[in-house]
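*Asks:* heads up, no residue letters with this:
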């Protein structure tokens, strides 16, 4: 049965992938709420913008009146909460914005959802019985892993290391508290590092791709031996929709790509792919651009997700390997220079707000 999805942060990297997946491959209706901060880009949604099943609302999740109005007008069946400040380096430089958006914004949205849900006829309404609040979080709330064989599970204790991960951990706790105290039907997912098309260029993989194309240094923190589990964003989008529609209320599901790689190996692989696809004129390997820089404060050493629960209960597994997903990602950036050029020069910001 077609449902109405209210998605916060739907103009961001992961959110826009979810919106595109819903509009392109399902019959569901999507209401996208986004504040359009620096990382929100409506040009990432150009392929679905004209769909009669898609609506965009320019609003801040911290605006309680706007959130209540959105619920009242659009009557969602599913909330997928992706809106968040998410860059660790930015959280170190300015933590209070992360606290405000990720904690206060989540609380405001939970209250708007609770008020809307409680107003539905609870005894007989199919809409009330099927309502879901799906909170999308990160594996960074777990801190880091010391052993080479250890994995994050859904019961791993929280030990966040940065202002970003601490604010996300706090928002996870809020969601679970609203479920236990008020009975709000919630689900939580914690994902590993995402990558893929439309990724904002300040993040590692797109930054390396674009710097390498421009012949600029490729900065690598410390010795580059930090390990991350990489998840192709379109695999993640499919998993999120499956959890929102099929997951058990009150449960947490870890979503990982089964692709552990050191940061240095990721950078080296991108260099090799670019050398193959766009051979440098001087014949020199782009690996020579790699530059080791001072490590950032509190840098976690290793993340790795145990995604066996979502595979066992919902049958989800990633379709992309690290090799296939990274090749697709590099090819996308090579084919979509207009998109990333407009992000780099800031021109996407004016048009998104109707200013030019």
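*Replies:* Arrived safely. Keep in mind that what you see is a predicted model, and the values were worked out from it rather than measured. Numbers count the residues shown, from 1 in each chain.
*Asks:* secondary structure class for the residue of the chain most remote from its centre?
*Replies:* Farthest-out residue of the chain from its mean C-alpha position, per Cα atoms, centre = their mean: residue 282, at 37.5 Å. What DSSP: H, G, I helix; E, B strand; the rest coil gives for residue 282 is coil.
*Asks:* Which positions within the longest helix along the chain qualify as buried?
*Replies:* Criterion DSSP state H: the longest helix present in the chain is helix 163-182. Going by neighbour count (16 or more other Cβ atoms under 10 Å), the buried part of helix 163-182 is 163-172, 174-176, 178-179. Every residue, glycine included, has its C-beta placed from N, CA and C.
*Asks:* of all those, which comes closest to residue 84?
*Replies:* Nearest to residue 84 among the buried residues of helix 163-182: residue 168, at 6.7 Å, using Cβ to Cβ.
*Asks:* and the gap between that closest one and residue 102?
*Replies:* Relative to residue 102, residue 168 is positioned 6 Å away (Cβ to Cβ, to the nearest Å).
*Asks:* Now do the shared contacts for these two.
*Replies:* The contact sets of residue 168 and residue 102 overlap at residue 84 (Cβ atoms under 8 Å, 6 or more residues apart in numbering).
*Asks:* coming back round to it: following the longest helix of the chain in sequence, what is the next regular element?
*Replies:* Using DSSP states H and E, the next helix or strand after helix 163-182 towards the C-terminus is strand 186-191.
*Asks:* That following strand versus helix 163-182: what angle between them?
*Replies:* Interaxial angle, strand 186-191 versus helix 163-182 (axes from the mean of the first three to the mean of the last three Cα atoms, to 10 degrees): 160 degrees.
*Asks:* mean confidence score for strand 186-191?
*Replies:* Mean pLDDT, computed over strand 186-191, is 98.
*Asks:* For whatever helix or strand comes next after it, which outside residues touch it?
*Replies:* Moving toward the C-terminus from strand 186-191, the next helix or strand (DSSP H and E) is strand 193-195. Applying Cβ under 8 Å, 6+ apart, the external contacts of strand 193-195 come out as 13-14, 139, 203, 205, 228-233, 236, 303, 325-326, 329.
*Asks:* same check, this time on stretch 205-224
*Replies:* With Cβ under 8 Å, 6+ apart, stretch 205-224 has contacts from 195, 199-201, 262-264, 266-267, 270-271, 274, 278, 286, 289-296, 299, 326, 329-330, 333, 340, 344.
*Asks:* Just the buried residues from those residues, in ChimeraX please.
*Replies:* Listed next is the ChimeraX selection for buried residues among those, using 16+ other Cβ under 10 Å:
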select :195,199,200,201,262,263,264,266,267,270,271,274,286,289,290,326,329,330,333,340
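*Asks:* Give me the subset of the contacts of stretch 205-224 lying in helices.
*Replies:* Going by DSSP H, the helices hold 263-264, 266-267, 270-271, 274, 326, 329-330, 333, 340, 344 from the contacts of stretch 205-224.
*Asks:* Serialize the residues you listed to TSV and add fields for pLDDT and distance to residue 254.
*Replies:* Below are the ones in helices among the contacts of stretch 205-224 laid out as TSV (pLDDT from 0 to 100; distance: Cβ to Cβ, whole Å):
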residue	pLDDT	distance to residue 254
263	95	21
264	97	25
266	97	21
267	98	26
270	98	26
271	98	31
274	98	32
326	98	22
329	98	23
330	98	27
333	98	28
340	96	31
344	93	34
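*Asks:* Out of those, the closest to residue 155 would be?
*Replies:* Among these, residue 263 lies closest to residue 155 (Cβ to Cβ), at 27.5 Å.
*Asks:* now the closest one: how far from residue 63?
*Replies:* 37 Å.
*Asks:* One more: residue 26?
*Replies:* Residue 26 sits 29 Å away from residue 63, going by Cβ to Cβ.
*Asks:* try residue 166
*Replies:* Distance from residue 166 to residue 63, by Cβ to Cβ: 24 Å.
*Asks:* Same check on residue 106?
*Replies:* Residue 106 is 13 Å from residue 63, by Cβ to Cβ.
*Asks:* same question, residue 74
*Replies:* Residue 74 is 16 Å from residue 63, where distance means Cβ to Cβ.
*Asks:* Buried ones in stretch 204-214, by neighbour count?
*Replies:* By neighbour count with 16+ other Cβ under 10 Å, stretch 204-214 contains the buried residues 204-213.
*Asks:* what about residue 253, which SS state?
*Replies:* Relying on three-state DSSP, one would call residue 253 strand.
*Asks:* mind listing what the closest residue to it other than its chain neighbours touches?
*Replies:* Nearest residue to residue 253, sequence neighbours excluded (Cβ to Cβ, 6 or more residues apart in numbering): residue 310, at 4.5 Å. Residue 310 makes contact with 239, 242-243, 253-255, 316, according to Cβ under 8 Å, 6+ apart.
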